[in-house]
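*Asks:* sequence and predicted structure, then a few things I'm wondering about:
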Amino acid sequence: MNNSIKLKLSLMMFLEFFVWGSWFVTLGTFLGNNLSATGTQLAAAFSTQSFGAIIAPFIIGLIADRYFNAERILGILHLSGAVLMYLMFKADSFASFYPYVFLYMLIYMPTLALVNSVSFNQMKDPAKEFSIVRVWGTIGWIVAGLLISFFFVWDSPTAISEGLLRNTFMMSSVSSLVLGLFAFTLPATPPKAAMKGKQSISEILGFDALKLLKDKDFAIFFMSSVLICIPLAFYYQNANPFLSEVGLSNPTGKMTIGQVSEVLFLLLMPLFFKKFGLKTTLIVGMLAWVVRYVFFAFGDAGAGTYLLIIGIALHGICYDFFFVSGQIYTDSKAGPRYKSAAQGLITLATYGIGMLIGFWVAGIVSDIYLSDGVHEWKYIWLIPSAIALVVTIIFLVFFTDNDFKKASELRRTLKKIPKTGQLGMD
């Protein structure tokens, strides 16, 4: 990859996640304070992400992978998204807002796969090159949060009461427009299916990977992935409204600590993975959810601020140690034939089914513990903490995965075997 292409791909990733981070983090705060949304309505709004994740394989598999260049579809979807974001900016009630956010997430979620497709198509060694490009996406998300909190100060109590948080949708609309136009300058990424020849609908949509569920350990991992997304949904839906309601200053900016943590622990994870193994890494990731929500339950914006900050900072362990390790595990179980399909299956299970259930549960819990316009956050956070603990115990008891252990031991053994030349057998 030459520097010009690397720069273009990095900018693409930056804008892709800047667009998302510009509005998604503060969505719950905006809807609750400015459109008087209930917990159930918040759940409906956040669930659009899950519907997008469920429908994305159909859009990518049946359209993008068969008929059109990925970069062109990326451009069209983001230009359409810019229009929908503007309509969300103009909406003055939840009833008028919801159809736009629903349509937006149906077209945004497929772009996450498209930017990866465009990137991989230009790389000779994705294992080495992709992380350098992908990290700019995390930086884009961080920059969006810092702009909202520290530059525009749209998430201060005064700004929220004046309705200025609405401007996040305009910022996202403008950046989506820029990315939509920029996408047409990206390197050509022709349809995969057209190059591969005929494929069955089952292969295109990744249904063949369902065969992996016959393996007991993978089935346990799959179920745990779905269930652990229930606590994850609580974070996405409630964290920003919670931090704003308890009076933490610059909550959106402080939440970017989670993304910084994600980058840090992504770098540390291979060392932890190598030293302690797959199962321990996954369990530590799940236990981090238990701990962070206990910290949220007992933290406050005064003397307990440090608990809130640590809870946010645990995001790196929560996400990287479970979800990234899970992707590695899935890749090892799938084998060459089902690699892409298996990753698609896990994405569907987590961001689709798991978080759809999670948003629904979080909405119900938030409404139950709402009295006179004030949430009882202690109980709202202890519930997902308990769910995460139950999932961890189930995983600890039933998951063994001897196959992964054997494969790791074999790789270590092969590395110790002297090369042929060293044995004088050339």
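*Replies:* Cool, the structure landed.

*Asks:* residue ranges in the stretch 301-426 of the chain under the pLDDT threshold?
*Replies:* 335-341, 402-426 (pLDDT under 70).

*Asks:* contacts for stretch 5-15 next, please.
*Replies:* Contact with stretch 5-15 is made by 1, 115, 118-119, 122, 129, 132-137, 139-140, 143, 175, 178-179, 182-183, 185-187, as judged by C-beta atoms under 8 Å, 6 or more residues apart in numbering. (Glycine included, C-beta is placed from N, CA and C.)

*Asks:* can you mark which positions in it are buried?
*Replies:* Neighbour-count burial for stretch 5-15 flags Lys6, Lys8, Leu9, Ser10, Leu11, Met12, Met13, Phe14, Leu15 (criterion: 16 or more other C-beta atoms under 10 Å).

*Asks:* same deal with stretch 369-387?
*Replies:* For stretch 369-387, the neighbour count (16+ other C-beta under 10 Å) marks Tyr369, His375, Trp377, Ile380, Trp381, Leu382, Ile383, Pro384, Ser385, Ile387 as buried.

*Asks:* if we can go back for a sec, let me have the buried residues of stretch 5-15 in JSON lines, extended by secondary structure.
*Replies:* JSON lines is the format used below for the buried residues of stretch 5-15 (DSSP: H, G, I helix; E, B strand; the rest coil):
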{"residue": "Lys6", "secondary structure": "helix"}
{"residue": "Lys8", "secondary structure": "helix"}
{"residue": "Leu9", "secondary structure": "helix"}
{"residue": "Ser10", "secondary structure": "helix"}
{"residue": "Leu11", "secondary structure": "helix"}
{"residue": "Met12", "secondary structure": "helix"}
{"residue": "Met13", "secondary structure": "helix"}
{"residue": "Phe14", "secondary structure": "helix"}
{"residue": "Leu15", "secondary structure": "helix"}
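
*Asks:* this protein: strands as residue ranges?
*Replies:* 370-371, 374-375 (DSSP state E).

*Asks:* output those strands as TSV; include the columns distance to Asn250.
*Replies:* TSV is the format used below for the strands of the chain (distance: least, C-beta to C-beta, whole Å):
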stretch	distance to Asn250
strand 370-371	25
strand 374-375	20
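
*Asks:* so what's Ser225 up against?
*Replies:* Ser225 makes contact with Gly326, Ile346, Ala349, Thr350, Gly354, according to C-beta under 8 Å, 6+ apart.

*Asks:* can you say which of those are buried?
*Replies:* Gly326, Ile346, Ala349, Thr350, Gly354.

*Asks:* and the last one, how far is that from Phe398?
*Replies:* If I follow you right, that is Gly354. Noted for Gly354: a distance of 18 Å to Phe398, by C-beta to C-beta, to the nearest Å.

*Asks:* and what of the second one?
*Replies:* For Ile346, the distance to Phe398 (C-beta to C-beta) stands at 18 Å.

*Asks:* residue nearest the centroid of this structure?
*Replies:* Tyr351 (7.4 Å; C-alpha atoms, centre = their mean).

*Asks:* wait, it touches Phe51, no?
*Replies:* No: look at Tyr351 against Phe51 with C-beta atoms under 8 Å: they stay out of range, at 10.3 Å.

*Asks:* give me every residue that touches Ala313.
*Replies:* Ile257, Gly258, Ser261.

*Asks:* swap in 6 Å and give it another go.
*Replies:* Ile257, Ser261 (C-beta atoms under 6 Å, 6 or more residues apart in numbering).

*Asks:* who's in contact with the nearest residue to Thr38 once chain neighbours are set aside?
*Replies:* Spatial nearest neighbour of Thr38, chain neighbours left out: Asp367 (6.0 Å); criterion: C-beta to C-beta, 6 or more residues apart in numbering. The contact partners of Asp367, by C-beta under 6 Å, 6+ apart, come to Thr38, Gly39, Thr40.

*Asks:* highest neighbour count among those residues?
*Replies:* When neighbours are counted by other C-beta atoms under 10 Å, Gly39 leads the contacts of Asp367 with 23 neighbours.

*Asks:* from Pro187, how far off is that one?
*Replies:* For Gly39, the distance to Pro187 - C-beta to C-beta - is 45 Å.

*Asks:* for Leu147, same thing?
*Replies:* Here Leu147 is placed at a distance of 29 Å from Pro187 (C-beta to C-beta).

*Asks:* more neighbours: those two, which one.
*Replies:* Leu147 (19 against 16).

*Asks:* how about that one: what's its closest non-neighbour residue?
*Replies:* Nearest to Leu147 is Met171, by C-beta to C-beta, 6+ apart, at 7.4 Å.

*Asks:* neighbours of the one you found, how many?
*Replies:* 21.

*Asks:* thought it was touching Trp23?
*Replies:* No: contact criterion C-beta atoms under 6 Å: Met171 and Trp23 do not qualify, at 7.6 Å.

*Asks:* per-domain residue ranges of the chain.
*Replies:* 1-187, 206-414 (automatic domain parsing).

*Asks:* many thanks, I have nothing further to ask.
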